[in-house]
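Enquirer: Sequence below, structure please.
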Amino acid sequence: MNALACAWRSLVRQPARAGLGILGVAAVGALLFDMLLLSEGLVLSMRDMLDRMNFDVRVTSTAQVPGRGPDITNAAAAAAGIATLPSVRAVVTIRGEDVGISHGDGRPARGSILGVGGNGERPWTIVRGADVAGEREIVINEYAALVLSAELGEAVTVRAICTEGANAPPALLFHVTGIAEFTFDAPDATGAGTTAASLAEACGTTASPADFLMVRSTGDPDATVADIETLRPDLLASTNEEAIGQLEQRGFTYFRQISSVLTTITVSFALLLITVLLTVSVNQRLGEVAALRALGFSQGRVVLDVLWESVLIVGIGGALSLPLGALMAVWLDGILKDMPGIPVSLHFFVFQPQALWIHAALLAATAFVAAVYPMRIVARLPIAATLRDEVVG
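Expert: Just a heads-up that it's a prediction; the model follows:
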């Protein structure tokens, strides 16, 4: 009988202990798998959200997050100049403002509105109806349509909150042309979009500043960034990858640190659990091991039996941990996404093939390290003394 078959029979003879070990590894492995998904989940999800907008370069006035720093003044002229660069395919201006939208005699819904100008795609996806094309046309998200009870073609009252006090602009009537999905919308947020000119009119101004510009390159975003900085040294251009790097440094590091700490704890727990189970199992079979050695089994063979027993427990438990971890990830992701202001498209737990390899490597290392002490007991077992103690006992 080879070492693997012998280790399997040892597990089968002690189903309660083997089952406890396998379930323990499955639970620990599921948590380990989730922590690996969490460590890069936000980064991967945010990168996917930015890529879905079909723009790979953004231009701001400063290094601050768009909307929090100074506006880009005369944004239309800046976009027109950047659009002439050979490395640029399309440019749009983005301006976001708070807004109150009401329908009929209903209560106004507070939300946000985007004003978009330029020759590129809009940063939203039309679900029903048509996109904005003329003056005082607006698209709203599903939540806004539900709250306002507004249908396509109906008029809504828009009061843009662009200035304070007595200079606040009057409310204007806009016609709903479509229902749209906004990439960064929260599930309970009122969102709307219109043209830059229409938003400027709603704000009571003729000028149309922008929070930032979104640029689509012809294929090399780094070259596009260099061209924009040469043309407009007063502006700051960055690729999506650079934007993700900034977000990692500012906010995503927290989740990576949590993932690292919990990964260390789960691996340590699995190590202790398997070590204790194997040690107890070996101590209860010392007489059997000594008898096998007396019958001619080599030291390496009995040591290998213990190692294979550890591998079987961790291997079976690790295999069970993957579907269990996937279910836990969906559940935990739903809990975290219930936090206010979290976009619908953002996910905290995102699968990546690399997580499988790291998960397997950590569990394999755990199986080996956990078996070291029980293997040492078997390797140093005094055969004659153990058999004598068994007989006397």
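Enquirer: pLDDT weak spots in the stretch 51-200 of the chain?
Expert: Scanning the stretch 51-200 of the chain for pLDDT under 70 picks out 63-69, 163-168.
Enquirer: Do a quick rundown of the helices in it.
Expert: Ranges of helices in the stretch 51-200 of the chain, per DSSP state H, counting those that start in this stretch, are 75-83, 142-148, 196-202.
Enquirer: Against which helices or strands is the last one packed?
Expert: So the one you mean is helix 196-202. strand 88-102, strand 109-118, strand 155-161, strand 172-182 (3 or more C-beta pairs under 8 Å, 6 or more residues apart in numbering; DSSP states H and E). The way it works is simple: take the backbone N, C-alpha and C, and place the C-beta from them, glycine included.
Enquirer: In CSV, list the helices of the stretch 51-200 of the chain along with mean neighbour count and distance to residue 90.
Expert: As requested, those are exported to CSV (neighbours: other C-beta atoms under 10 Å; distance: least, C-beta to C-beta, whole Å):
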stretch, mean neighbour count, distance to residue 90
helix 75-83, 19, 7
helix 142-148, 20, 27
helix 196-202, 22, 15
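Enquirer: Check the secondary structure at residue 8 for me.
Expert: Following DSSP: H, G, I helix; E, B strand; the rest coil, residue 8 is assigned to helix.
Enquirer: Any idea what residue 115 is bridged to?
Expert: Taking DSSP bridges as the rule, residue 115 bridges to residue 95, residue 194.
Enquirer: so how far is residue 108 from it?
Expert: Distance of residue 115 to residue 108, given as C-beta to C-beta, to the nearest Å: 19 Å.
Enquirer: quick one: which of the two has more around it?
Expert: More crowded of residue 115 and residue 108, by other C-beta atoms under 10 Å: residue 115, with 28 against 17.
Enquirer: so what's that one up against?
Expert: The contact partners of residue 115, taken as C-beta atoms under 8 Å, 6 or more residues apart in numbering, are 93-97, 193-200, 208.
Enquirer: Let me see the residues that make contact with stretch 355-373.
Expert: So stretch 355-373 is contacted by 25, 29, 32-33, 36-37, 40, 263, 267, 270-271, 273-275, 278-279, 306-307, 309-311, 313-315, 318, 321-322 (C-beta under 8 Å, 6+ apart).
Enquirer: for that stretch, what is the average pLDDT?
Expert: Computed over stretch 355-373, the mean pLDDT rounds to 90.
Enquirer: so where do the helices sit in the stretch 201-350 of the chain?
Expert: 221-231, 240-247, 253-284, 286-294, 299-337.
Enquirer: Need those in a markdown table (columns: mean neighbour count and distance to residue 123).
Expert: Formatted as a markdown table, those follow (neighbours: other C-beta under 10 Å; distance: least, C-beta to C-beta, whole Å):
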| stretch | mean neighbour count | distance to residue 123 |
| --- | --- | --- |
| helix 221-231 | 18 | 17 |
| helix 240-247 | 16 | 13 |
| helix 253-284 | 17 | 26 |
| helix 286-294 | 17 | 68 |
| helix 299-337 | 19 | 21 |
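Enquirer: Which of the ones you listed sits closest to residue 388?
Expert: helix 286-294 (9.4 Å; C-beta to C-beta).
Enquirer: okay, the angle between that closest one and helix 253-284?
Expert: Here helix 286-294 runs at an angle of 70 degrees relative to helix 253-284 (axes from the mean of the first three to the mean of the last three C-alpha atoms, to 10 degrees).
Enquirer: now for helix 286-294, which elements pack on it?
Expert: helix 299-337, helix 383-392.
Enquirer: tell me what the first one is packed against?
Expert: Just to be clear, that refers to helix 299-337. Judged by 3+ C-beta pairs under 8 Å, 6+ apart, the packing partners of helix 299-337 are helix 3-13, helix 15-52, helix 253-284, helix 286-294, helix 353-379.
Enquirer: thinking again about what came up before, which of the helices and strands packed on helix 286-294 has the lowest average pLDDT?
Expert: Ranked by mean pLDDT, those end with helix 383-392 at the bottom, a mean of 73.
Enquirer: Compare the helices and strands packed on helix 196-202 and report which one is nearest to residue 9.
Expert: That would be strand 172-182 among these, by C-beta to C-beta, at 57.9 Å.
Enquirer: And the closest one, what does it pack against?
Expert: With contacts taken as 3+ C-beta pairs under 8 Å, 6+ apart, strand 172-182 sits against strand 124-129, strand 137-140, helix 142-148, strand 155-161, strand 190-195, helix 196-202.
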